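Student: fold the following for me, if possible:
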Amino acid sequence: MDAKKNSILIVDDSSLNIIALSNILKDQYQLFVEKDGASCVATARKHQPDLILLDIIMPGMSGFDVISELKGNNVTCDIPIIFITGLNNTADEEKGFLLGAADYINKPFSPSVVKLRVKNQIQIVNQIRLIHNISITDELTGIGNRRFFYAQLEQEWQRALRHRASLAFMMMDIDRFKPYNDTYGHLQGDKALKVVAETIKNSLSRAIDKCARWGGEEFAVILPDTDLKGAREVAERMRSSVEKLSIPLDDKTNTCVTISTGIQCIVPTHDEEYNLKNFVSDADMALYHAKELGRNRSCATEDIPRR
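Tutor: Down below sits the predicted model:
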């Protein structure tokens, strides 16, 4: 299966229509097929296709019922839907558009019309996706930017609140990066930032773990459902991996580029005196403590001596 193909869910109670549409589209798209409304809703939630081709007249749930269900769910509300139907009166077409349909294709359908209308919707989907990716991606390193990351952090904070789950947050900084830039220049410094960012990203083993460039030579990581022991293990894996890159810090010593990390890990509560801003600030203080202790290490807020 070509992972680069856009995906389409075809929903029709007629096997002949499904076969015909599949033959028209199978060479260009990844296809899912269903024969009733309930199965359509389940498959759309599971696979989140890029486009749905939906019959209106079906047993049980009609296409109008299905689109109402899909548009009312946060997971599926943005999936464009093209109705493929034998209904050709203005009232039905108007109803479909009011419910959120992107387009109509009338039966009996022409293969060329199906291809063109599907292509138009897929192009729109891909353009929106490209714009979204640009807006959340750090241009230099290719990982998430600070805006993206903070939105993810807020989302995970709220989820941890609901489920009373542990949430770990880490801030890391490339040690002595200014001397590196002074020695090798900013172009080489940019290359080092890219390599370190990729190393941090590759050190994360779960899809739910997120990393981003916080700014300058600083990076940040979210680890949902992770206790302090687990966060320390991830931080050490990152530190060790960056050190093993053996990027020389300067021409005069044998030292290499390293990172320092600050860790904060809690089970969030509804305490108004401790919020997300405090959570981030505590990780930053732990990072500062790691720097004070000599760099190339990680420290948690628990490691900071009480004054």
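
Student: so for stretch 118-136, what gets flagged as buried?
Tutor: 118, 121-122, 125, 136 (16 or more other C-beta atoms under 10 Å). All C-beta atoms are positioned from the backbone trio N, CA, C, and that covers glycine.

Student: just for the stretch 201-307 of the chain, where's the confidence low?
Tutor: The model of the stretch 201-307 of the chain has pLDDT under 70 over residues 250-254, 307.

Student: do that again at 80, thanks
Tutor: Residue ranges of the stretch 201-307 of the chain with pLDDT under 80: 249-255, 306-307.

Student: can you list the neighbours in contact with stretch 270-288?
Tutor: 153-154, 157, 161, 167, 169-173, 220, 260-264, 266, 268, 299-301, 303-304 (C-beta atoms under 8 Å, 6 or more residues apart in numbering).

Student: which parts of it are buried?
Tutor: Result for stretch 270-288 [16+ other C-beta under 10 Å]: buried residues 276, 279-280, 282-288.

Student: also stretch 78-98?
Tutor: 79-85, 87, 92-93, 95-96.

Student: over to stretch 144-157?
Tutor: Buried, per 16+ other C-beta under 10 Å, within stretch 144-157: 144-145, 148-150, 152-153, 156-157.

Student: do stretch 168-183 as well
Tutor: Those would be 168-177, 180-181, for stretch 168-183 by 16+ other C-beta under 10 Å.

Student: try stretch 221-239
Tutor: 221-226, 228, 231-232, 234-235, 237-239.

Student: farthest pair within the residues you listed?
Tutor: D225 and R239 (22.0 Å; C-beta to C-beta).

Student: circling back to that earlier point, narrow the buried residues of stretch 270-288 to those in helices?
Tutor: When DSSP state H is applied, the buried residues of stretch 270-288 are split such that 276, 279-280, 282-288 fall in helices.

Student: the longest helix along the chain - what's its average pLDDT?
Tutor: In the chain, with assignment by DSSP H, the single longest helix is helix 111-136. On average, the pLDDT along helix 111-136 is 91.
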